[in-house]
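K.L.:
coords please:
(one chain, ligands or ions: 3)
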Amino acid sequence: MESVGVAPAPAAVAVAEQKMKLLEPRKEPLASAAAAAKAPCKWAMKKKLVGGDAGYVLEDVPHLTDYMPELPTYPNPLQDNPAYSVVKQYFVNTDDTVTQKIVVRKNSARGTHFRRAGPRQRVYFQPDEVNAAIVTCGGLCPGLNTVIRELVCGLYDMYGVTSVVGIEGGYKGFYSRNTVTLTPKSVNDIHKRGGTILGTSRGGHDTAKIVDSLQDRGINQVYIIGGDGTQQGASVIYEEVRRRGLKCAVVGVPKTIDNDIAVIDKSFGFDTAVEEAQRAINAAHVEAESAENGIGVVKLMGRNSGFIAMYATLASRDVDCCLIPESPFYLEGKGGLLEFVEKRLKDSGHMVIVVAEGAGQDLIAQSMNFVDTQDASGNKLLLDVGLWLSQKIKDHFKKKTNFPITLKYIDPTYMIRAVRSNASDNVYCTLLAHSALHGAMAGYSGFTVAPVNGRHAYIPFYRITEKQNKVVITDRMWARVLCSTNQPCFLSHEDVENMKHDDDERHHLHNTQLLDGSPAKCSPNCNGSAGAE
Ligand SMILES: Nc1ncnc2c1ncn2[C@@H]1O[C@H](COP(=O)(O)OP(=O)(O)OP(=O)(O)O)[C@@H](O)[C@H]1O
Ligand SMILES: O=P(O)(O)OC[C@H]1O[C@](O)(CO)[C@@H](O)[C@@H]1O
Ligand SMILES: [Mg+2]
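P.N.:
Ligands and ions are numbered 1, 2, ... in the order given. This next block holds a predicted model:
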């Protein structure tokens, strides 16, 4: 295997100094957050790329020895753990990697790979040396408590670590709150509850203050659970930790109800959210079916990505129209949504519309005067597409004689993410937490852990944060939705061709398991032919 661009290691730091570094109080006051953010980072994370035969590339993650080359190693305590004594080949081979491209042809290049997650034979921390911290940031998501629980229990039970603290209230908790002690006993039942026992927040990321806090508290493993914004925050924390030469593993666990994190198969809590959304869709269907020209409108989460709406629609089969941010639509005229609603009501007597909260934002903005607003993290605040759409449909039918409708609008947005995680997400969260702590114990840092094509892998932060995962509407999966609902795709053939081009580029970068296969042909529902059946 040939190295094609390994990050240069900075000057070696004396071993004795390395061991002591976290335990010593900081000697000089650190620069302000703003100054730290602007300061050029001498050891800014370079890509660690390793090339091999037939176009094989390993996009590796940083390791503590990149900047602390003399760190001692220890046998992994798991080898003496009775639970694992029967496991053959429990330790992951150091050369094991996970492929990003799962569908290949005879002559295709092997492409990008990531380091396989899992326990290593040698570890870089002794159990009594570890001071771990866990923080949850961003919006809620089913499974947060399960990840916290499994990190704590895994560290205790597998590695004999007994010092784990929680940071309360998201990133700002590092510098504005006391820590809470977490033990297997204190977290025993938390997976049965929604939310996060640690609390969460948006905004408040101050890199210098956060790393000061890590240093002052002697934290040498930090597990950061959150979405794309959080992982960007984790990435700069890693850079600062590295710049200061600290023996501290910075590990990201990806969380987002929207499933908008690139590269990974899917995010935890997504399954639960789709399942919970079924209850709202069922209710909308029952209401619609029981009324004359009944229409049920359900708004689901999905700021920039319509995965929840798409999967909830496919799972339900009661949905007549699914609207997502990735697929523009229009209301009036031939091939528009209102024409389709009218036709579907005439044909079936009722209909259900599922709309992702980020859909149609441009349309709403056009129809009203509004000022762009953002949340504390800088995310755009959305206008209520559900209410707007419901009103537009009501207004349309009010103008018609002899076409009375009954419309019920159901907004379960927060309900689908505030519930506890389902069984499948609980298992997923357990594996994520274990993969995360195995990586930290093995000295890896600056990575996000997640399954790629079904195998857990360590993914460099930059791959997670460079782009958001979106529904590719030229993929077969979206075609399946159109097939199931028989809604118009609201796009011209030309629009589809342009999108195919964009999507090819996206595919090249982020081929995920949820996104399916090769681009589909324009479905019969395209070119504005409303409701082709
Ligand atoms: N570019 C960035 N650099 C540093 N920190 C960031 C960055 N973007 C976001 N953050 C921080 O990450 C935290 C969470 O970000 P955000 O509110 O966008 O949620 P998220 O992690 O993307 O999750 P969600 O899926 O709920 O949106 C916030 O505390 C925010 O300050
Ligand atoms: O929690 P907030 O700030 O209301 O934000 C809601 C947003 O968070 C998300 O749930 C992502 O976590 C989006 O689906 C939604 O738009
Ligand atoms: Mg986000």
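K.L.:
quick check: Glu239 is in a helix.
P.N.:
Yes: with DSSP: H, G, I helix; E, B strand; the rest coil as the criterion, Glu239 is located in a helix.
K.L.:
and the gap between it and Lys46?
P.N.:
Computed as CB to CB, to the nearest Å, the Glu239 to Lys46 distance reads 11 Å. To be clear about C-beta, it is placed using only N, CA and C from the backbone, and glycine gets the same treatment.
K.L.:
likewise Ala365?
P.N.:
For Ala365, the distance to Lys46 - CB to CB - is 41 Å.
K.L.:
same question, Arg317
P.N.:
49 Å.
K.L.:
so between these two, which is more surrounded?
P.N.:
Lys46 (13 against 10; other CB atoms under 10 Å).
K.L.:
that one in helix, strand or coil?
P.N.:
Classified using three-state DSSP, Lys46 is coil.
K.L.:
do Tyr409 as well
P.N.:
strand.
K.L.:
find the closest residue to ligand 2 in the stretch 201-350 of the chain.
P.N.:
Met301 (3.4 Å; CB to the nearest ligand atom).
K.L.:
ramachandran angles for that residue?
P.N.:
Dihedral pair for Met301: phi -70, psi 160, per degrees, to the nearest 10.
K.L.:
so which residues of the stretch 401-533 of the chain form strands?
P.N.:
406-410, 447-452, 455-460 (DSSP state E, counting those that start in this stretch).
K.L.:
closest residue of this protein to ligand 2?
P.N.:
Going by CB to the nearest ligand atom, ligand 2 is nearest to Gly139 of the chain, at 2.7 Å.
K.L.:
quick one: residues contacting that residue.
P.N.:
By CB atoms under 8 Å, 6 or more residues apart in numbering, the contact set of Gly139 is Thr200, Arg202, Gly227, Thr256, Ile257, Arg417.
K.L.:
let me see the backbone angles for it.
P.N.:
Torsion angles at Gly139 (phi, psi; degrees, to the nearest 10) stand at phi -80, psi 170.
K.L.:
which pLDDT value goes with it?
P.N.:
We have a pLDDT of 97 for Gly139.
K.L.:
quick one: the helices in the stretch 201-350 of the chain?
P.N.:
Using DSSP state H, counting those that start in this stretch, the helices of the stretch 201-350 of the chain run over 207-217, 228-243, 270-289, 307-316, 337-348.
K.L.:
of these, which is nearest ligand 3?
P.N.:
helix 228-243 (4.4 Å; CB to the ion).
K.L.:
that closest one near ligand 2 anywhere?
P.N.:
No: if you take CB under 6 Å from any ligand atom as the test, helix 228-243 misses ligand 2, and the best it gets is 9.3 Å.
K.L.:
could I have that helix exported to CSV, CA atoms only?
P.N.:
Coordinates of the C-alpha atoms in helix 228-243 are reproduced here as CSV (Å, rounded to 0.1, in the frame of the first residue of the first chain):
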residue,chain,number,x,y,z
ASP,A,228,-23.9,18.2,11.0
GLY,A,229,-23.5,21.5,12.9
THR,A,230,-22.3,19.6,16.0
GLN,A,231,-19.8,17.6,13.9
GLN,A,232,-18.4,20.8,12.5
GLY,A,233,-18.0,22.0,16.1
ALA,A,234,-16.3,18.7,17.0
SER,A,235,-13.9,19.1,14.1
VAL,A,236,-12.7,22.5,15.3
ILE,A,237,-12.4,21.2,18.9
TYR,A,238,-10.2,18.4,17.5
GLU,A,239,-8.1,20.9,15.7
GLU,A,240,-7.6,23.0,18.8
VAL,A,241,-6.9,19.9,21.0
ARG,A,242,-4.3,18.9,18.4
ARG,A,243,-2.8,22.4,18.3
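K.L.:
now that helix, how far from the centre of its chain.
P.N.:
16 Å (CA atoms, centre = their mean, to the nearest Å).
K.L.:
average pLDDT across that helix?
P.N.:
97.
K.L.:
what about the closest residue to ligand 1 within the stretch 1-150 of the chain, how many residues nearby?
P.N.:
Nearest residue of the stretch 1-150 of the chain to ligand 1 (CB to the nearest ligand atom) works out as Gly138 at 2.5 Å. Gly138: 24 surrounding residues under other CB under 10 Å.
K.L.:
would you agree it is in contact with Gly229?
P.N.:
Yes: with contact defined as CB atoms under 8 Å, Gly138 counts as touching Gly229 (6.0 Å).
K.L.:
list residues touching both of these two?
P.N.:
With CB under 8 Å, 6+ apart as the test, Gly138 and Gly229 both reach Arg202, Ser377.
K.L.:
how near is the closest residue to ligand 3 within the stretch 301-450 of the chain to Ser421?
P.N.:
In the stretch 301-450 of the chain, the residue that lies nearest ligand 3 is Asn379 (6.2 Å; CB to the ion). Separation of Asn379 from Ser421 (CB to CB): 23 Å.
K.L.:
quick one, which of these two is more surrounded?
P.N.:
Per other CB under 10 Å, whichever of Asn379 and Ser421 has more neighbours is Ser421, with 27 against 17.
K.L.:
hang on, isn't the more buried one packed against Thr272?
P.N.:
Yes: if you go by CB under 8 Å, Ser421 and Thr272 touch, sitting 4.9 Å apart.
K.L.:
pull up the overlap in contacts between the two.
P.N.:
With CB under 8 Å, 6+ apart as the test, Ser421 and Thr272 both reach Pro142, Gly143.
K.L.:
low-confidence regions, the protein specifically.
P.N.:
1-45, 492-533 (pLDDT under 70).
K.L.:
who are the contact partners of the residue of the stretch 301-450 of the chain closest to ligand 3?
P.N.:
So Asn379 contacts Arg202, Gly229, Arg303 (CB under 8 Å, 6+ apart).
K.L.:
relative to Lys172, how far out is the residue in the stretch 351-500 of the chain positioned nearest to ligand 1?
P.N.:
As assessed by CB to the nearest ligand atom, ligand 1 sits closest to Ser377 within the stretch 351-500 of the chain, at 3.1 Å. Applying CB to CB, the value for Ser377 to Lys172 is 11 Å.
K.L.:
list residues touching both of these two?
P.N.:
With CB under 8 Å, 6+ apart, Ser377 and Lys172 have common neighbours Gly203, His205.
K.L.:
phi, psi for Asn469 please.
P.N.:
Dihedral pair for Asn469: phi -80, psi 130, per degrees, to the nearest 10.
K.L.:
what's the nearest residue to Gly296 once chain neighbours are set aside in contact with, if anything?
P.N.:
Spatial nearest neighbour of Gly296, chain neighbours left out: Ala284 (2.7 Å); criterion: CB to CB, 6 or more residues apart in numbering. Residues in contact with Ala284 (CB under 8 Å, 6+ apart) are Gly296, Val297, Val298, Val352, Lys408, Ile410.
K.L.:
mind giving me JSON lines with the helices of the stretch 201-350 of the chain and columns for distance to Val251?
P.N.:
Listed next are the helices of the stretch 201-350 of the chain as JSON lines, based on distance: least, CB to CB, whole Å:
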{"stretch": "helix 207-217", "distance to Val251": "13"}
{"stretch": "helix 228-243", "distance to Val251": "8"}
{"stretch": "helix 270-289", "distance to Val251": "21"}
{"stretch": "helix 307-316", "distance to Val251": "25"}
{"stretch": "helix 337-348", "distance to Val251": "45"}
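K.L.:
which of these sits closest to Asp53?
P.N.:
Of all the helices of the stretch 201-350 of the chain, it is helix 228-243 that lies closest to Asp53, at 30.8 Å by CB to CB.
K.L.:
okay then, goodbye and thanks.
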